[in-house]
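# what follows is a predicted protein model with its sequence.
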Amino acid sequence: MGEMHMPTIGMGVDISALVDATFAEDSTEIISIARELLRRGAPAAEIAGRVGLLVAHGDSDGHAILTLDAAAALSRWLIAVPQPPEADSLSHEQELPLLVQALWAAAPALRDGKKGDVVYPEPLFPSELGEGNTVDDAMHDAVYGNDATRVERLLLGLYGTGADYRTMEVRAYDGISTTFQNAGHPLLFAVRGFQLLDAVEWGDRAPHILQWLTPHLPLHTEEPPWVNVVRTFHGDPAHSLASLRTRLSAPKDAAALSLRNLILSNADTTEICQGVYDTLMKRGASPRGVGSVIALTAADVMQRVGDDNRDAFVRAA
């Protein structure tokens, strides 16, 4: 899930000059205007998020939003970097390099986003699905049926009901949880798109990102063979994870550490699935703890690839 951040001056400051400079790819103006906004107390995360809402309509491959959100996330970590005693405590100028690089990378998508009108499909509200039909089931059918329009209509329907932002996140995540295409990019897009919305408070801004996200969710490319093993394991009622959402006990995330050795071993896909399930359901680790160990293990694998073997690095990534 994303994390909500309290809005600051960055949500109200005028960024039109910065948008114009980015549109024109005028690096001097981008740096000058961005520096002034940051000095006045506007966080890079909120500026990047607001620009992202404009970029979304021209970002067909998704990478401009990924870049803007990555810059937003990294900029928040800079609070841990010590500043000189004479530095202005309200200034965010230390975030300037991240913001400028992200804006520069997003400029082509920003221009493309201004080329046409934005048209949203009619929302499909949960009440219109018919008795016995759920949004989960409808989302699953739309994803596996490669129906991007229906995916968007379902998410807009949830949005139109005033559903909590986490509900839209969960429905999107659940819809693609047992798919793996385009090297995992749909999962990246879902996480980063919702994180960008966190930076700008969601509200009436959600449709921008929902429309950007939905073309990437339906299953339309080939998947690796191991995905079918994961689906079979996940589809077995004996492996249900439903009780995780209502578990009240404190997580025992240290129990997840043993997964590292399992993943790095010669274990097959079913054995790894079983290991993850047991760690979550029997040993009491949280999904966040398990995910962290998996991510660290993946980083370990990538570190083992030599700098001179780019193809192997890309495959590992």
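The structure has been received and is ready for your questions. Numbers count the residues shown, from 1 in each chain.

# so, low pLDDT: which residues of this structure?
Counting by pLDDT under 70, the chain has low-confidence residues at 1-10, 314-317.

# give me the residues contacting stretch 155-170.
1-2, 120-121, 123-126, 128, 135, 171-172, 190, 194, 197, 202, 206-207, 210, 214 (CB atoms under 8 Å, 6 or more residues apart in numbering). Bear in mind the C-beta positions are built from the backbone N, C-alpha and C, glycine included.

# if you set the cut-off to 6 Å instead, what comes out?
In this structure, residues lying in contact with stretch 155-170 by CB atoms under 6 Å, 6 or more residues apart in numbering are M1, P123, L124, F125, F194, W202, A206, L210.

# got CSV for those residues, with neighbour count and distance to V55 too?
Below are the contacts of stretch 155-170 laid out as CSV (neighbours: other CB atoms under 10 Å; distance: CB to CB, whole Å):
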residue, neighbour count, distance to V55
M1, 14, 23
P123, 17, 24
L124, 22, 26
F125, 15, 29
F194, 23, 16
W202, 17, 17
A206, 21, 15
L210, 23, 15
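
# from those residues, which single one is nearest D307?
F194 (33.5 Å; CB to CB).

# how close does the closest one sit to R171?
Relative to R171, F194 is positioned 11 Å away (CB to CB, to the nearest Å).

# likewise G12?
31 Å.

# which one's more surrounded, those two?
R171 (22 against 10; other CB atoms under 10 Å).

# ok, and for the strand or helix carrying that one, which residues are buried?
Using DSSP states H and E, R171 falls within helix 165-176. By 16 or more other CB atoms under 10 Å, the buried positions in helix 165-176 come out as Y165, M168, E169, V170, R171, A172, Y173, G175, I176.

# repeat that for stretch 19-29.
Buried, per 16+ other CB under 10 Å, within stretch 19-29: V19, A21, T22.

# so which of those residues belong to strands?
Residues of the buried residues of stretch 19-29 located in strands (DSSP state E): none.

# between the contacts of stretch 155-170, which is closest to L257?
Using CB to CB, the contacts of stretch 155-170 come closest to L257 at M1, 22.9 Å.

# please report phi then psi for V200.
phi -120, psi 20 (degrees, to the nearest 10).

# which residues does it contact?
G49, R50.

# P207 now?
Y120.

# need the three-state assignment for it.
helix (DSSP: H, G, I helix; E, B strand; the rest coil).

# how about the residue lying closest to L90 once chain neighbours are set aside, secondary structure?
When the adjacent residues along the chain are set aside, L90 lies closest to G41, with 4.4 Å between them (CB to CB, 6 or more residues apart in numbering). Recorded secondary structure, G41: coil (three-state DSSP).

# my guess is G41 meets S89, correct?
No. In terms of CB atoms under 6 Å, G41 does not count as a neighbour of S89; the distance is 9.5 Å.

# neighbour count winner among those two?
Using other CB under 10 Å, the more surrounded residue of G41 and S89 is G41, with 15 against 6.

# got the phi and psi for the more buried one?
phi 110, psi 0.

# roughly how far does P186 sit from T214?
10 Å.

# do R76 as well
27 Å.

# again, but for G193
10 Å.

# need the residues touching each of the two.
With CB under 6 Å, 6+ apart, G193 and T214 have no common neighbours.

# got the end-to-end distance for stretch 124-136?
By CA to CA, to the nearest Å, the extent of stretch 124-136 from end to end equals 13 Å.

# for that stretch, buried residues please.
L124, P126, V135.

# thinking again about what came up before, R76 and T214: who's more crowded?
T214 (25 against 15).

# not counting its neighbours along the chain, what's nearest that one?
In space, T214 is closest to E152, 4.0 Å off (CB to CB, 6+ apart).
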